[in-house]
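[1] Structure for this input, please:
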Amino acid sequence: MAGKLKLRFPVPSDISIAQEAELIPIAELARSIGIEDSELEPYGHYKAKVKLSILNRLADRKDGNYIVVTGINPTPLGEGKSTTTVGLAQALGAHLNKKVIACLRQPSQGPTFGIKGGAAGGGFSQVVPMEEMNLHLTGDIHAITAANNLLAAAIDTRMLHEATQSDQALFKRLCPPAKDGSRKFSPVMIRRLKKLGIEKTNPADLTPEEISAFSRLDIDPQAITWNRVVDINDRFLRGITVGQGKEEEKYARRTQFDISVASEIMAVLALSSDLRDMRDRLGAMVIGSSRKGVPVTADDLGVGGALTVLMKDTIMPNLLQTLEGTPVFVHAGPFANIAHGNSSIVADKIALKIVGEDGYVVTEAGFGADIGGEKFFDIKCRASGLKPNCAVIVATIRALKMHGGGPKVVAGTPLDPAYTDENLELLSKGIANLQHHITTLHKYGVSVVVAVNRFGSDTQNEIDMVISKSLEVGARAAVMCDHWAKGGQGASELGQAVIDACKSTDTLSFKYLYPLSLSIKEKIETIAKEIYGAVGVDYSPEAESKIALYTAQGFSGLPICMAKTQYSLSHDPELKGVPKGFVLPI
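    Numbers count the residues shown, from 1 in each chain. Below you'll find the model as predicted:
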């Protein structure tokens, strides 16, 4: 096993702690938790991918206890949700002797090289090797970037060819004759023909009208929703013009780059259950609409298979470890303020089987319970069929004081004394934000445990107030945690509270916030009122148009993924605490 933590005060820098850690060789760690050598693909000595075939071998084993870690609305500094997830896993595994696996998202290089920094935890509660996790890891995000941009290239190339080629020339390019002159449709082409209502399977049997319908997607340039991506913060790519070459300049158009983790391909990876499922989801991705309003997919462009080839290794979760030698899956990394903000379904499923009925899987949901938490329950759990036993909500006294009307918190600048001195008045006002989140989590039928992530300036009076006010609104437990400074030992009380909560929870009480049968507007309004606390919703003309379009295209039966600021329950990041009387603009 890994060596014991060499706790020190003051706590050294994250990188100093990470680099002096005694790591377990990844093959040894994998064997210790029951992963067979044939199920492991090592990437060096201390990281590896785990094959999905392990699910077949462990199919008859009962799942472990499933815990989601979420939080309150944070300050720009972050409130230590990843650190708490790691600290809790270290407590359960290294101090309470439970089988445990933590499941985290892979960090984006955007925040890593920005003010926020990496996402491997901090202090004496970290995932290691920390540099590997925060940088390239096993290349999953690079594969997503390549696949996303391949699809973007296919979109512009297809529009160029359709604008410059005849029906017959397009058909010849799409379905070229073999050496003997014969032609054959590929399976993806057969699916496109069926979508068009054409039942023929022999290219020679198509009429000129059918050839035209098959060959032309007629993509509306103004309706394209697919952008190129890069995994760094580059503000000068937020608006670009493509098509500046001599042969393309007649077809130039405005578009933009997004960050790689915002790609729909990242969301697909996180929600896929296996390689076949990922292939189907990739092919079904909608890149825009035709001029007639018909949705155009990656399979319509014929690139779903190519995307899957680029993504084939990414479906396997990445195995790493904590500073105290407990296993961690790091897999997928969608943001919660724009995407669904959770690590992968396959990582959670494999982890639940490995730990077994008496074990624990601690998975993290991005940002606050109003966005990452809501999407965990209503999107991820709905896709996976998994039911959580317990929700841990991370709070800091610093953030609660901000919600109570404290001075603005700005990353990179010293904190105002209101945050470093005892201030029970500010804290008592801001606790309403935490209480709101506890109450909304109860709507899903889960037990809630509050983890007060301690900072050095927090006083006992402040900690006691947060704990008592949490219990007043129905938290099953509320405990102070000092895992940043003390590792798993500092989260042992939290670990025991989670164990107790799981024992007392019946997962049959779990429920979603809304049924999929509701209309798009009804689902939006349910989230706005029940989770954010809005009194109503105001739809812009563009939103009205898109809702009508997506309903007509048959997408109204899907869950809703809201894009919203993480810094407030409302749409306005300046509205702290629990805003009242606001109307949510869409």
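[2] The residue lying closest to Ser215 once chain neighbours are set aside: what's it in contact with?
    Counting by C-beta to C-beta, 6 or more residues apart in numbering, Ser215 lies nearest to Leu170, which is 3.9 Å off, once chain neighbours are set aside. For every residue, glycine as well, the C-beta is placed using N, CA and C. Shown in contact with Leu170 (C-beta atoms under 8 Å, 6 or more residues apart in numbering): 161-162, 215-216.
[3] can you tell me how far Leu170 sits from Arg291?
    Taking C-beta to C-beta, to the nearest Å as the criterion, Leu170 is separated from Arg291 by 16 Å.
[4] Could you give me the ChimeraX selection string for whichever of the contacts of Leu170 are buried?
    Only the buried members of these end up in this ChimeraX selection, burial being decided by 16 or more other C-beta atoms under 10 Å:
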select :215,216
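[5] does Gly80 really touch Asn453, like I thought?
    Yes: proximity of Gly80 to Asn453 meets the contact threshold set by C-beta atoms under 8 Å, at 4.3 Å.
[6] what do the two both touch?
    The overlap between the contact sets of Gly80 and Asn453 (C-beta under 8 Å, 6+ apart) consists of 394, 396, 484.
[7] can I get those residues in CSV with secondary structure, distance to Lys246 and neighbour count?
    Formatted as CSV, these follow (DSSP: H, G, I helix; E, B strand; the rest coil; distance: C-beta to C-beta, whole Å; neighbours: other C-beta atoms under 10 Å):
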residue, secondary structure, distance to Lys246, neighbour count
Val394, strand, 55, 29
Thr396, coil, 57, 27
Trp484, helix, 57, 25
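[8] so which of those residues comes closest to Val68?
    Relative to Val68, the closest of the shared contacts of Gly80 and Asn453 is Val394; by C-beta to C-beta it sits at 11.2 Å.
[9] So the closest one sits against Gly78, correct?
    No: under the criterion of C-beta under 8 Å, Val394 makes no contact with Gly78, lying 9.9 Å away.
[10] From the shared contacts of Gly80 and Asn453, pick the one nearest Pro10.
    Of all the shared contacts of Gly80 and Asn453, Trp484 has the smallest distance to Pro10: 11.7 Å, by C-beta to C-beta.
[11] Distance check, that closest one against Ile467.
    As for Trp484, its distance to Ile467 is 18 Å (criterion: C-beta to C-beta).
[12] give me phi/psi at Leu584?
    Note on Leu584: its backbone torsions stand at phi -80, psi 120 [degrees, to the nearest 10].
[13] which ones are touching it?
    Contacts were defined as C-beta under 8 Å, 6+ apart; by that measure Leu584 touches 528, 532, 534, 536-538, 570-571.
[14] Buried only: go through those residues for me.
    Buried subset of the contacts of Leu584 (neighbour count, 16+ other C-beta under 10 Å): 528, 532, 534, 537, 570-571.
[15] Quick check: the two most widely separated of these?
    Val537 and Ser570, at 11.9 Å, using C-beta to C-beta across these.
[16] Show residues contacting the helix or strand harbouring Cys381.
    Cys381 is part of helix 381-384, with elements assigned from DSSP states H and E. Defining contact as C-beta under 8 Å, 6+ apart, one finds that helix 381-384 is touched by 271, 273, 345, 348-349, 387-388, 510, 512, 516, 559.
[17] Just the mean pLDDT for that helix, thanks.
    With pLDDT averaged residue by residue, helix 381-384 scores 97.
[18] Stretch 236-248 now?
    Per-residue scores along stretch 236-248 average to 93.
[19] and Val449, helix, strand or coil?
    Remark: Val449 carries the secondary structure label strand [criterion: DSSP: H, G, I helix; E, B strand; the rest coil].
[20] can you tell me which residues contact it?
    Remark: with contacts taken as C-beta under 8 Å, 6+ apart, Val449 is in contact with 390-393, 475-479, 494, 497-498, 501.
[21] Could you list which of the residues you listed belong to helices?
    Helix and strand membership here follows DSSP state H; of the contacts of Val449, those in helices are 494, 497-498, 501.
[22] In helices only, show me the contacts of Leu170.
    The members of these that map onto helices under DSSP H are 161-162, 215.
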